[in-house]
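Trainee: Give me a model of this one.
(chains A, B and C)
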Amino acid sequence: MSALSENILDKLSIDNIKTQVLKNAYGNDDTVIAGMDPRFLLAWYCFFGIVPWFLDNVALLLLLFVFVAVTTKLAKVAPLVLLLFCVGVFSQTGYLLLVALFFGGDASTVLPLLVMSLKVAVVSLASITVFSGLDPDKLASGLLWYGCPDQLSFSISFAYRILPILMEEFQNILLSYRMRGVAPEHKTFFGKIRYLGYQIKIIIQAFYPLMLNTAKRSRTTVEALELKGYRYAVQDKRVKRMKLQMLKAGKADYLFAGISVVWVLVSVCVSRIYF
Amino acid sequence: MNEKKKAAVTQSQKMMVFVLSMSLYGLATLFTELIPKFQVGVVEFSVEYFLFIPLTLSMLFDPISAALGAATGELVFSEIMLGQFGGLGELEKFLTVTIGVYLAGRMVKNPKNIKMVGLASITGVAVQQLMGCAVDILKVQLAVTDFESVAGLPESVFVTEGFACANDILFSGILFCMLPTMYLVPRLYGKIEPLLGMKPRNEFSVIGEAGVLSPKVVILSILGFGCAIGAELLAETGMSLIDWEADWAETPAAMAAGFALAALVALIAFGIIRRNAQLRMAEE
Amino acid sequence: MIRIEDLTFTYPGAARPTLNHVSLEVEDGDFLAVIGNNGCGKSTLCKTLNGLIPHFISGDMTGRVLIDGEDTAAMDVGSLAKKVGYVYQDFENQIVRPTVLDDASFACMNYAMADYEERGGRALDACGLSQKKHDYIWQLSGGQKHLLALAGMLALSPKLLILDEPIAQLDPGHAREIYEVLKNLNENHGITVIVIEHHTEFIASYCKHTVLMKNGEILWKLPAKEALRRVDELEESNIFPPQITVAAKRLKEAGVLSPETKLPTTVAEGEQVFGKLLLRGDYRAAVRPSVRGTKKNVEFSGITVKYRAVKGDSYPIFNDFSLDIHKGEKIALIGSNGAGKTTLMKLMMGLIRPEAGDVRLDGRETADIAPEELSNRISLVYQNPEEMFIKDTIRGDIEFAMKMRKVKDYRQRTDELLGMFHLEKLADRDGRLLSGGQMRRASLAVGIALNPSILLLDEPTANLDIATRKEIIKTLNALKDVTETVMIATHDMQLVCDWAERIIVLSAGRVIADGDRDAIFSDSHVLNQVGIRPPEIFYMGSRLLSQARCYTIEEFTDLFERKGAS
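Mentor: Numbers count the residues shown, from 1 in each chain, chains lettered A, B, ... in the order given. As a prediction, this is how the structure comes out:
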């Protein structure tokens, strides 16, 4: 409890989060995964993101889990993302497990929930590999190739552009509060709760200045988009074709696809034979 | 000429609201993803989301742009950037957030009317949460094999989901959506619009003559909700109906068949999407 | 190529037209400066040239704008954008893609030009960014970002480029770089350039023509040098002509220069004009008594701070850095972007913790002082005043810190501060919606609300037009007695000369010079290393007489023998 109420601003400091998110976005653009053709990876994701839901074999799921764990390692994902992954898996099935036991469940409850945790884990790691591991721009073009609306792929690139600016501004506004405000005393238990509440309140209030400042920016941005012909591009199919021309599959892509297929087949056989 | 001019203007304003809502809500979801949750018994205190941001924007500007911007922002910033993308299931959140925010934005005719702002924001949250809750219950029901036969599971799912929903509406909804929205809307009204080169919203602009809940809005919302359920179920369970009967599914052959079928379906779905995209391009 | 005929434009809801019966012609190959005080319609005029008005921004427009004989009202923004490039004052928001080459070629791609990457690459070459092609935007410095915004427009190979206050946010070194790029584009690529500018020294060195605007009307269009000689008219519009021109005018009025002398506008011209004059034999550079405190106020010892890099290892900003600041000092901290100025200030505030070493405030380690107590004694005013405002009124912002600390007569103190900074009438307005100068004053009021003994100001004169800058410098001079120790991080050499008593020059996390203004400005080695230029009048003076130290126009005119007196 006290660990939770340790303050958000210091431990999970904005600065820290900023570095982690930026690291995740830009810091791993030289990995094996980042260099791959996004079309292959998205297809790969469709398999590893959907198929595990249909499986009930613990051994097979475990083997798939090992595989996606390796790909996640290859993608050099930021620690923060991995932490979120762990918390996510726990909170999705861990708490269900507790509540089920509370309502008189027994060992028979545990197995389905373990299977479910594995399913969640495989699917999440597959998504981390693809979405965190891929360079945002490549991801955007990959999605475009599969027919996603242009607005989405633009939003992804734009988000990566605007994020450092927004974070910086948000951080400075929060620092203004910290410099000029007075935080409640937080040595006692209730003090800590109050302190947590105070910080959440500040984060909310900080959005008032942030909204106005961002509004100022977005006017220029939208005018510049118009000048740079963004609106024309959305209507022009030639532009889309040009954007997609840069997608090229190489040896590494076929190799990756081959390894994936072999691993899955071997896993299926192994799980059939030994379990 | 004149008509075209007007259309271009509203287009640019929509784009601005979209960009604004996307960046701000996206940033906020990055943080809510990280703020710790804590539980007292079964009651979970969490900062579920900072929905007040798109709610505020939807009440001040064009509701649909703000709503779509927020949903896109969440998708891009917290799901894709942090790698928390849950596949098709994210479509559910995308649609419910869009519907909730859009409805709330339409309800407010005069942003100076605080009571209405409060009512609209809590309604938006409730709509979003109830839809999410319904989908969640269906989801667990179908995802866990032998849902009914697992001791204690059905009750626990109904209780936890119901509780989570009520808890989210009453705790997060009031604290993090309604109150901040009521604080922000009157403060921003008349100030933020000129920064985007617009006139402040009044009773006649934005909503138009159709009234708050025109049949079109209601039908579209219900359709959207239907899509959300469909997407979520498809994502979570897919063809798991096949191994609905446990004995049958245990046999290796069936297992392999189900497995292959699933892969095949995925590939076909893929091919179709791809083909469509190509056709559309070829038409040009 | 450009013809504006009787153009009137009114923004929706505005009482008066922003442009009032404007007519103007600009020829191919011109390098035109548009000057005028704030709100005179300069930016609006430029937006009519690229079609944003009337196609994208609504309002009432009468009259015509012709580009190459075509009416902009009949063209769409897209086809106009290929002819007219526009770089905003807040250029940072104009960059919409995450990497450099991508942003430079974005427009070309959108307009479906097959060779978009080569075009983007060529534009980057022309702007001197070819080394940065594959960098991310956040890795660029402010000056490089501006060049990128320019390249993004240049890639479409427009015939006309418009830049809104291109150097307002840049240090002097980068400012010159931008103008050199523009000059090259203008002379060697035949591109017509229009700049909105109030740095008259740059107009004198680079522009061919100048347009003066006032209250939505064009007063005149003249060859640039001739325009700058109209000192009285310019000053009336709050434009400050080059110091050399003003000095020559004063000397003319005093009868030192003959009445028919053409006023010089650049140092080179100045040398010809002033070189003929007789220098005073008894000239002694005025010596400002050196003010050095003795009581240590803040001590940095053995500080190491590392920047957590996104990629690869973190690199140090400061490595074993030590510095003492004494009570009562008025310090200017100068150095190029990224030298560690802001980090140094944040260290004092305890906002950044050093990895090694400690910062002491009056002998106590800042790490042991509660943040509330620290901010009672030290106050930091950000470079961007918008980030200082957290409430919805100026009054709310000023009283916020006092209210939180339960200061008894905070209302009275707030009123005093409002009066001191001439903000009484704006007290209930939102800080963000004020003009640049008002925002700056309000942020200063917020900064000294708690009556701190140390005040830290980060770039207090950045982004201001020159008239407002002078006003802020005046305010800062008045503040000297209010706060004991003041430190200003700045690129503004005029501010440094007028105000600072001790100057610390930082370069790559090290103090490379520390002294008074005479010591710093006569050390050309230091100046070159960090790319700063003393005020033009100082430079002019030293060209005529190597030991001359003229920081103001008065000190400069004092160099010469008066005819009447001799």
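
Trainee: Any regions of chain B where pLDDT drops low?
Mentor: Within chain B, the set of residues satisfying pLDDT under 70 comprises B:1-10, B:34-48, B:86-89, B:139-153, B:202-218, B:221, B:224-225, B:227-284.

Trainee: Give me the domain ranges for it.
Mentor: With automatic domain parsing as the criterion, the domains of chain B are listed as B:2-240, B:245-284.

Trainee: does chain B sit close to the top helix by length along chain A?
Mentor: Across chain A, the longest stretch assigned as helix under DSSP state H is helix A:189-227. Yes: Helix A:189-227 lies in contact with chain B when judged by CB under 8 Å from any CB of the partner chain; the contacting residues are A:200, A:203-204, A:207-208, A:210-212, A:214-216, A:218-219, A:221-223, A:225-226. For the C-beta atoms, the positions are set from N, CA and C on the backbone; glycine is no exception.

Trainee: which of the residues in that helix are buried?
Mentor: Along helix A:189-227, the positions that meet the burial threshold by neighbour count (16 or more other CB atoms under 10 Å in any protein chain shown) are A:192-196, A:198-200, A:202-227.

Trainee: Which ones among those also lie next to chain C?
Mentor: Among the buried residues of helix A:189-227, the residues lying close to chain C (CB under 8 Å from any CB) are A:205-206, A:208-209, A:212-213, A:216-218, A:220-221, A:223-227.

Trainee: average pLDDT for the host helix or strand of A:Leu61?
Mentor: A:Leu61 is part of helix A:58-74, with elements assigned from DSSP states H and E. Across helix A:58-74, the average pLDDT comes to 88.

Trainee: Can you see whether that helix contacts chain B, counting any residue in it?
Mentor: No: where contact is defined by CB under 8 Å from any CB, no part of helix A:58-74 touches chain B; the two come within 8.8 Å at best.

Trainee: What are the buried residues along the helix or strand that that helix is followed by?
Mentor: Towards the C-terminus, the helix or strand next in line after helix A:58-74, according to DSSP H and E, is helix A:79-89. Of the residues in helix A:79-89, those scored as buried under the neighbour-count criterion (16+ other CB under 10 Å) are A:Leu80, A:Val81, A:Leu82, A:Leu84, A:Phe85, A:Gly88, A:Val89.

Trainee: what subset of these is also close to chain B?
Mentor: A:Leu80, A:Val81, A:Leu84, A:Phe85, A:Gly88.

Trainee: Turn those residues into TSV, including distance to chain C.
Mentor: Conversion of those to TSV gives the following (distance: CB to the nearest CB, whole Å):
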residue	distance to chain C
A:Leu80	13
A:Val81	14
A:Leu84	19
A:Phe85	21
A:Gly88	24
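
Trainee: Which of the residues you listed scores worst on pLDDT?
Mentor: Summarising pLDDT for those: the lowest-scoring member is A:Gly88, with 72.

Trainee: Point out where chain A drops to low pLDDT.
Mentor: In chain A, residues with pLDDT under 70: A:1-14, A:91-110, A:274-275.

Trainee: Walk me through the domains of it.
Mentor: A:1-27+A:136-235, A:30-134+A:248-268.

Trainee: Using JSON lines, lay out these together with distance to C:His491.
Mentor: JSON lines is the format used below for those (distance: least, CB to CB, whole Å):
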{"stretch": "domain A:1-27+A:136-235", "distance to C:His491": "20"}
{"stretch": "domain A:30-134+A:248-268", "distance to C:His491": "35"}
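
Trainee: Please name whichever of those domains is nearest to C:Gln243.
Mentor: Each of those was checked against C:Gln243 via CB to CB, and the shortest separation belongs to domain A:1-27+A:136-235, namely 32.9 Å.

Trainee: From the chain's centroid, how far away is the closest one?
Mentor: Using CA atoms, centre = their mean, to the nearest Å, we find the averaged C-alpha position of domain A:1-27+A:136-235 to lie 15 Å away from the chain's own average C-alpha position.

Trainee: cool, stretch C:35-53 as well?
Mentor: The chain centroid and the centroid of stretch C:35-53 are separated by 20 Å under CA atoms, centre = their mean.

Trainee: How far does that stretch stretch from one end to the other?
Mentor: By CA to CA, to the nearest Å, the extent of stretch C:35-53 from end to end equals 20 Å.

Trainee: same question, stretch A:127-136
Mentor: Using CA to CA, the end-to-end distance of stretch A:127-136 comes out at 14 Å.

Trainee: can that stretch be found next to chain C?
Mentor: Yes: using CB under 8 Å from any CB as the criterion, contacts between stretch A:127-136 and chain C involve A:Pro136.

Trainee: Check the offset of that stretch from the chain's centre.
Mentor: Averaged C-alpha coordinates place stretch A:127-136 at 8 Å from its chain's average position (CA atoms, centre = their mean).

Trainee: Looking at the ones next to chain B among the buried residues of helix A:79-89, which is nearest chain B?
Mentor: Distances from chain B to those, taken as CB to the nearest CB, are shortest for A:Val81 (5.1 Å).

Trainee: Confirm for me that that closest one is in contact with A:Ser132.
Mentor: Yes: under the contact definition of CB atoms under 8 Å, A:Val81 touches A:Ser132, with a separation of 5.5 Å.

Trainee: what touches both of those two?
Mentor: Jointly contacting A:Val81 and A:Ser132 under the rule CB atoms under 8 Å, 6 or more residues apart in numbering or on different chains are A:Asn24, B:Leu82, B:Gly83.

Trainee: for residue 162, what are its contacts?
Mentor: Picking chain A for this. Each residue near A:Ile162 by CB under 8 Å, 6+ apart is listed here: B:Ser23.

Trainee: that answer is for a different chain, and I need it for chain B
Mentor: With CB under 8 Å, 6+ apart as the criterion, the residues that contact B:Gly162 are B:Cys133.

Trainee: C:Lys145 too?
Mentor: Listed by CB under 8 Å, 6+ apart, the contact partners of C:Lys145 are C:Phe91, C:Glu92, C:Ile95, C:Ile137.

Trainee: Now intersect these with the helices, please.
Mentor: In helices, defined here by DSSP H, there are no members of these.

Trainee: Mind giving me the PyMOL select for those, buried ones only?
Mentor: Only the buried members of these enter the following PyMOL selection, criterion being 16+ other CB under 10 Å:
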select buried, chain C and resi 91+92+95+137
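
Trainee: Return the member of the contacts of C:Lys145 nearest to C:Leu160.
Mentor: Taking CB to CB as the measure, C:Leu160 lies nearest C:Phe91 of those, at 17.4 Å.
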